[in-house]
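> Can you look at this prediction? I've put the sequence above it.
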Amino acid sequence: MNFYAIKAIYNFEMARTWRTLAESIATPVVSTSLYFVVFGSAIGSRITDIEGITYAAFIVPGLVMLSILNESVNNASFGVYMPKFTGTIYEVLTAPVSYIEILCGYVGAAATKSLVLSALILITASFFVPLEIQHPFLMVLFLILTAVSFSLFGFIIGVWADSWAKLQIIPMLVITPLIFLGGSFYSIHMLPDIWQKISLFNPVVYLISGFRWSFYEQSDVSLWVSLMMISAFLTICILLARWMIKTGYHLRS
Amino acid sequence: MSPILSIKNLNKTFAGGFQALKNVNLDIHKGEIFALLGPNGAGKTTLIGCVTGLVNLTSGHITVDGHDIYKDYRKTRKLIGLVPQELAVEMFEPVLGTVNFSRGLFGMAPHPAHVESVLKKLSLWEKRKNSMLTLSGGMKRRVMIAKALSHEPQVLFLDEPTAGVDVELRRDMWKQIRELKSLGVTIILTTHYIEEAEEMADRVGVINKGEIILTETKQDLMQKFGKKELLLDLENSLDSIPEKLSHWDLKLKSEGRRLSYIYDAAKEEYSIARLLSDIASSGLNYKDIHVYQSKLEDIFIELVKDK
Ligand SMILES: Nc1ncnc2c1ncn2[C@@H]1O[C@H](COP(=O)(O)OP(=O)(O)OP(=O)(O)O)[C@@H](O)[C@H]1O
Ligand SMILES: [Mg+2]
């Protein structure tokens, strides 16, 4: 293993975050606060409790997932697309590194950033609703699994994209709808039968459901199914990223 | 001695179907400076890309210091440093940070003294805290060289290292390249400044349309292809070559004021003396004599034109 290389890539990516520290912190804090003002207080006060949980509290896990998914995909895809765009990727491609080191560096950094963000969001949320987390370890496990697998997914998009438009299109057209339809702001049991069935094809449903269970022991699908689904997604992403780096797909000519 | 870099039957066809390299065979010896010459689009950058891992081979084998570049990529890549043709730098990074990054990427423990000496030699030490954004083009190129040297490579690829570098710095760079050679580093460079190859290289390879058409030591090349031109400044200009000299392959230049004779110094040792005596006996008077030796540039142009 080339640990120096992992460290170099990881630190480089984190340095990018430090350079824009103010934005990095302000964005999630402001947007979470907005969600709470709009959905938690203004609209939420008119919505009845969902399975014994106030609406404002109910949306906390969904909000964290919303941010972590977006941030992971955006950061990781940008992190690898940018050097491809400027040409500096040549150095990584000529360095004595395997796919493992490349992924640890890029994905590790993006996931780290997402985890810090989710902590910030949880802290912000605690100002609006009394937070109770029944299974903190499980919650952290879910966070890590989600941050890592969606950062991997972002990495894949960054390698695949050959234009800025393509870089934006997957997060906008795929990730965002999946999150909004994945039960961030409602329980899928509130949907008509047919839409409940369709929702089960949405991987984000499993993430949010499992994550919510770690807070309130309340979930749309079983915890184990959630864990299995996210593990499967993680595995697929690792295999795909590995294949891309090994064959040089959209990286080497 | 086994070559430090060995390329066997290398072919590269790009995704679009364009064949950029055709059955390239090339051995580079340890410690030499090898200049790869060729017109635009000849395949120089592609060839370097194949060795360094930027281009997937279509077929063929490449070894560096005896190690296969695919099977033993960790070993071979550590040995290689690359300064690519295109400027590609992280705009917001400081110089020192970006050079340290390169060293780490190649699996080397931090070594501030080495990095400092590299930056000093490239006259970048004063700029070490500057972000890349604030450097001039020539400075950026030197940062790229510093990055390539940061991990102490044994084989250094310089893809047009002196493009956009001013004359003084170019000479400086030549000096540094020679210094690297004296440390045992093998250097492969491409250039469009033939004087650079002439000045620096031990051996020259010419590539054209994806084929290596020649590799020779510089001396052999000059000897084999080097021509000399004898020029006589005439007292009175001529309209045509005098009858008496017609058996010599002479040409008139500068509106008949100069007589030119191109010859191969290696083959025709005594011909000049005979020619001069023939001219004297023909009654032509001349004011001055010049002899020009062809440069690598002329050889190169001739070689590429022939094909
Ligand atoms: N990624 C690619 N896809 C398709 N064709 C390519 C690609 N890269 C290079 N080529 C083609 O391969 C040929 C060789 O290109 P290369 O960059 O190796 O030339 P070069 O000898 O380095 O030229 P120059 O002196 O201009 O740098 C060119 O015709 C070029 O158009
Ligand atoms: Mg080139």
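Arrived safely. Ligands and ions are numbered 1, 2, ... in the order given.
> alpha carbons only for contacts and neighbour counts from here, please
Will do.
> give me the low-pLDDT residue ranges for the stretch 51-200 of chain A?
Within the stretch 51-200 of chain A, not a single segment meets pLDDT under 70.
> So which residues of the chain form helices?
Since no chain was named, I'll use chain A. For chain A, the helices defined by DSSP state H occupy A:3-19, A:21-35, A:55-86, A:89-94, A:99-126, A:136-160, A:164-170, A:176-180, A:193-199, A:203-216, A:223-247.
> that answer is for a different chain, and I need it for chain B
Going by DSSP H, chain B shows helices at B:44-52, B:73-79, B:95-105, B:112-121, B:137-149, B:167-182, B:194-200, B:218-225, B:271-282, B:296-306.
> Now for residue A:65: which residues touch it?
Neighbour list for residue A:65: A:184, A:207, A:208 [criterion: Cα atoms under 8 Å, 6 or more residues apart in numbering or on different chains].
> now could you export just the CA positions of stretch B:175-185 as PDB?
Taking C-alpha atoms only, stretch B:175-185 is exported to PDB below (Å, rounded to 0.1, in the frame of the first residue of the first chain):
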ATOM      1  CA  LYS B 175      22.700  22.900 -17.500                       C
ATOM      2  CA  GLN B 176      20.300  21.300 -15.000                       C
ATOM      3  CA  ILE B 177      19.500  18.500 -17.400                       C
ATOM      4  CA  ARG B 178      23.200  17.800 -17.800                       C
ATOM      5  CA  GLU B 179      23.600  17.800 -14.000                       C
ATOM      6  CA  LEU B 180      20.800  15.200 -13.700                       C
ATOM      7  CA  LYS B 181      22.600  13.100 -16.300                       C
ATOM      8  CA  SER B 182      25.800  13.300 -14.200                       C
ATOM      9  CA  LEU B 183      23.800  11.900 -11.300                       C
ATOM     10  CA  GLY B 184      22.900   8.900 -13.500                       C
ATOM     11  CA  VAL B 185      19.400  10.000 -14.500                       C
END
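> Least reliable of the helices of chain B by average pLDDT, please.
Lowest mean pLDDT within the helices of chain B: helix B:296-306, a mean of 72.
> still on that earlier bit, can the contacts of residue A:65 go into JSON lines with extra columns for distance to ligand 1 and neighbour count?
Output for the contacts of residue A:65, formatted as JSON lines (distance: Cα to the nearest ligand atom, whole Å; neighbours: other Cα atoms under 10 Å in any protein chain shown):
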{"residue": "A:184", "distance to ligand 1": "44", "neighbour count": "25"}
{"residue": "A:207", "distance to ligand 1": "40", "neighbour count": "29"}
{"residue": "A:208", "distance to ligand 1": "42", "neighbour count": "29"}
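> May I have the beta-bridge partners of the closest residue to residue B:25 other than its chain neighbours?
Nearest residue to residue B:25, sequence neighbours excluded (Cα to Cα, 6 or more residues apart in numbering or on different chains): residue B:8, at 4.8 Å. Beta-bridge partners recorded for residue B:8 (DSSP bridges): residue B:61.
> Now find how far off-centre stretch A:240-251 is within its chain.
Distance, stretch centre to chain centre, for stretch A:240-251: 22 Å (Cα atoms, centre = their mean, to the nearest Å).
> Quick one: residues in contact with that stretch.
When contacts are defined by Cα under 8 Å, 6+ apart, stretch A:240-251 is touched by residues A:84, A:93, A:99, A:100, A:152, A:155, A:156, A:159, A:160, A:162, B:56.
> thought the residue nearest to residue B:25 was touching residue B:21?
No. In this structure, residue B:8 is not within contact of residue B:21 by Cα atoms under 8 Å, at 11.8 Å.
> The two: who's more crowded?
residue B:21 (26 against 15; other Cα atoms under 10 Å in any protein chain shown).
> And that one, what's its pLDDT?
Residue B:21 carries a pLDDT value of 96.
> mind checking how far it is from residue B:69?
18 Å (Cα to Cα, to the nearest Å).
> Count the neighbours of the nearest residue to residue B:229 once chain neighbours are set aside for me.
Of all residues not flanking residue B:229 in the chain, residue B:262 sits nearest, at 4.3 Å (Cα to Cα, 6+ apart). Using other Cα under 10 Å, residue B:262 has 16 other residues around it.
> give the contact list for residue B:262.
Going by Cα under 8 Å, 6+ apart, residue B:262 touches B:227, B:228, B:229, B:230, B:249, B:250.
> List only buried entries from those.
Buried by 16 or more other Cα atoms under 10 Å in any protein chain shown: B:227, B:228, B:229, B:230, B:250, out of those.
> Where does the stretch 151-300 of chain B get nearest to chain A, residue-wise?
When distances are taken as Cα to the nearest Cα, the stretch 151-300 of chain B reaches nearest to chain A at residue B:151, 10.4 Å away.
> For the spatially closest residue to that residue that is not a sequence neighbour, which residues are in contact?
In space, and not counting its chain neighbours, residue B:151 is closest to residue B:103: 4.9 Å by Cα to Cα, 6+ apart. Residues counted as contacts of residue B:103 (Cα under 8 Å, 6+ apart) are B:109, B:110, B:147, B:150, B:151.
> How many residues are close by the residue nearest to residue A:148 when sequence neighbours are not counted?
Excluding the flanking residues, the one nearest residue A:148 by Cα to Cα, 6+ apart is residue A:111, at 5.3 Å. For residue A:111, the count of nearby residues is 29 (other Cα under 10 Å).
> what's the answer for residue A:119, then?
Neighbours of residue A:119 (other Cα under 10 Å): 13.
> and what of the one 4 residues further on?
Residue A:123: 13 surrounding residues under other Cα under 10 Å.
> Ligand 1 versus that one, what's the distance?
Separation of residue A:123 from ligand 1 (Cα to the nearest ligand atom, to the nearest Å) stands at 48 Å.
> Can you point out the buried residues in stretch B:101-109?
Buried residues in stretch B:101-109 (16+ other Cα under 10 Å): B:101, B:102, B:103, B:104, B:105, B:106, B:107, B:108.
> The second one touches residue B:153, doesn't it?
If I follow you right, that is residue B:102. No. Taking contacts as Cα under 8 Å, residue B:102 lies outside contact range of residue B:153: 11.8 Å.
> Residue of the stretch 101-250 of chain B closest to chain A, please.
Closest point on the stretch 101-250 of chain B to chain A, by Cα to the nearest Cα, is residue B:105, at 3.9 Å.
> which residues does that residue contact?
A:4, A:5, A:6, A:8, A:9, A:92, A:95, A:96, A:97.
> Can you tell me, leaving aside adjacent residues, what's nearest to residue A:2?
Here the residue nearest residue A:2, using Cα to Cα, 6+ apart, is residue B:107, at 5.4 Å.
> Got phi/psi on the one you found?
Dihedral angles of residue B:107 (phi, psi; degrees, to the nearest 10) stand at phi 80, psi 20.
> what sits against it?
A:2, A:3, A:4, A:5, A:96, B:78.
> top of those residues by neighbour count?
Neighbour counts for the contacts of residue B:107, by other Cα under 10 Å, peak at residue A:5, which reaches 28 neighbours.
> Go ahead and confirm that residue touches residue A:101.
Yes. Contact criterion Cα under 8 Å: residue A:5 and residue A:101 qualify, at 6.9 Å.
> residues in chain B within reach of ligand 1, list them.
B:14, B:20, B:39, B:40, B:41, B:42, B:43, B:44, B:45, B:46 (Cα under 6 Å from any ligand atom).
> that older thread, do I have it right that the residue of the stretch 151-300 of chain B closest to chain A meets residue B:109?
No. Using Cα under 8 Å, residue B:151 makes no contact with residue B:109, being 9.3 Å away.
> picking up where we left off before, and of the residues of chain B next to ligand 1, the nearest to chain A?
Nearest to chain A among the residues of chain B next to ligand 1, with distances taken as Cα to the nearest Cα, is residue B:14, at 7.0 Å.
> neighbours around the closest one, how many?
Using other Cα under 10 Å, residue B:14 has 16 neighbouring residues.
> quick one: residue B:178 from residue A:166, how far?
Per Cα to Cα, residue B:178 is found 46 Å from residue A:166.
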